[in-house]
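S.K.: what's the 3D shape of this:
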Amino acid sequence: MAADWQWENAAAGAAAGLATVSFSHPLDVIRTRFQVNDGRSLNLPTYKNTPHALFTIARTEGFRGLYAGFYPAVLGSTVSWALYFYFYSKAKQRYLRSRDVLSPGFHLASAAEAGGLVCFCTNPIWLVKTRLQLQTPLQARPYSGFHDALRTILKEEGWRALYRGLMPGLFLVTHGAIQFTAYEELRKVVINIRTEEGGDNFNAADDHLLDSFDYAVLGASSKLSAILLTYPFQVIRSRLQQRPSIEGIPRYMDSWHVVKETARFEGLRGFYKGITANVLKNAPAASITFIVYENVLNMLKLRKES
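M.R.: Model (predicted):
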């Protein structure tokens with residue numbers, strides 16, 4: 001069995017998450033604002049498309065607007081990726097104790113297990129990030145930052161508010177499961193082509209056959225498949241995590257309320273609002289994530305072996 005690489009996986013995942021957020025955060029702000037704009041609220045800015053949103057936010061809110069919620073995004077992404085890769089590698093190692101090669105089903109189970117644990121740990125961070133991204137200069141009683149938002153939410157809404165959007169977040173575990181399963185299977189296909197051997201001969205020693213370009217293509221391809229299948233859950237979560245009105249009344253009460261209202265007033269397109277910005281953000285971001293992750297992991301392995 002391969003050596004125990006749990007902490008190396010966590011370190012590589014944290015580095016990958018930090019690089020990803022720094023590169024793509026403005027598109028994340030745009031995506032979130034598109035997701036919550038149901039066309040029925042006068043308090044939300046309206047944009048024609050992704051370039052128009054980017055230009056408008058830069059012109060009216062400046063750099064701070066494009067990077068609204070950046071601190072919780074960095075914190076959440078770094079913690080999420082570190083925990084995700086750690087839990088994922090632990091689960092895979094546990095399943096490998098009784099078999100030589102993992103089937104797609106075990107990759108799926110490992111990714112789902114890791115995603116559920118990460119979702120529960122990080123939901124409060126993502127809620128604060130969403131609210132900071134939705135703030136505009138005209139909003140009453142804006143949060144001054146991450147810690148002020150956290151204190152205000154706890155004071156005005158209670159600790160349960162920190163877990164608004166948890167249910168669609170748990171459904172979004174399938175996103176990571178689809179992405180990682182697709183990544184692992186595509187990775188094996190590439191290695192099999194390079195070695196002209198069957199899938200059962202795949203092992204960690206074949207890693208040197210892949211380079212950064214391979215990691216980029218595999219990361220983007222697996223991410224795109226996951227986005228198309230799970231994006232509606234992201235819209236539902238963002239709409240649930242909006243800040244309540246001054247009277248303390250949430251715009252949406254629960255996930256089912258979001259589904260009914262969105263389907264009624266916006267149709268299927270409402271569940272895919274902001275997907276252009278999401279694809280532009282996540283396809284290259286996934287490439288960067290896996291390039292950094294795989295190269296940092298290989299570097300740490302070589303260092304430990306030397």
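
S.K.: And the residue nearest the centre of the chain, how far from Phe271?
M.R.: The centre of the chain sits closest to Ser77, judged by C-alpha atoms, centre = their mean, with a distance of 7.3 Å. Ser77 is 24 Å from Phe271, where distance means C-beta to C-beta, to the nearest Å. The way it works is simple: take the backbone N, C-alpha and C, and place the C-beta from them, glycine included.

S.K.: and the gap between Ala53 and Asp28?
M.R.: 12 Å.

S.K.: typo on my end, Ile236
M.R.: Ile236 is 17 Å from Asp28, by C-beta to C-beta.

S.K.: where does the residue nearest to the centre of the chain fall, phi/psi-wise?
M.R.: In terms of degrees, to the nearest 10, the main-chain angles of Ser77 are phi -70, psi -40.

S.K.: is it true that Leu186 touches Ala220?
M.R.: No. Judged on C-beta atoms under 8 Å, Leu186 makes no contact with Ala220 at a distance of 10.5 Å.

S.K.: In CSV, could you pull the C-alpha coordinates for stretch 227-239?
M.R.: Output in CSV follows, covering the C-alpha atoms of stretch 227-239 (Å, rounded to 0.1, in the frame of the first residue of the first chain):
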residue,chain,number,x,y,z
ILE,A,227,-21.3,22.3,-13.1
LEU,A,228,-23.9,21.4,-15.7
LEU,A,229,-25.4,18.7,-13.4
THR,A,230,-25.5,20.6,-10.1
TYR,A,231,-25.7,24.3,-10.8
PRO,A,232,-29.4,24.7,-9.7
PHE,A,233,-28.4,23.8,-6.1
GLN,A,234,-25.9,26.8,-6.1
VAL,A,235,-28.7,29.2,-7.1
ILE,A,236,-31.0,27.8,-4.4
ARG,A,237,-28.3,28.2,-1.8
SER,A,238,-27.4,31.7,-2.7
ARG,A,239,-31.0,32.8,-2.6
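
S.K.: Just give me how far it sits from the chain centre.
M.R.: 11 Å (C-alpha atoms, centre = their mean, to the nearest Å).

S.K.: Please identify the buried residues of it?
M.R.: Using 16 or more other C-beta atoms under 10 Å as the test for burial, stretch 227-239 gives Ile227, Thr230, Tyr231, Pro232, Phe233, Gln234, Val235, Ile236, Arg237, Ser238, Arg239.
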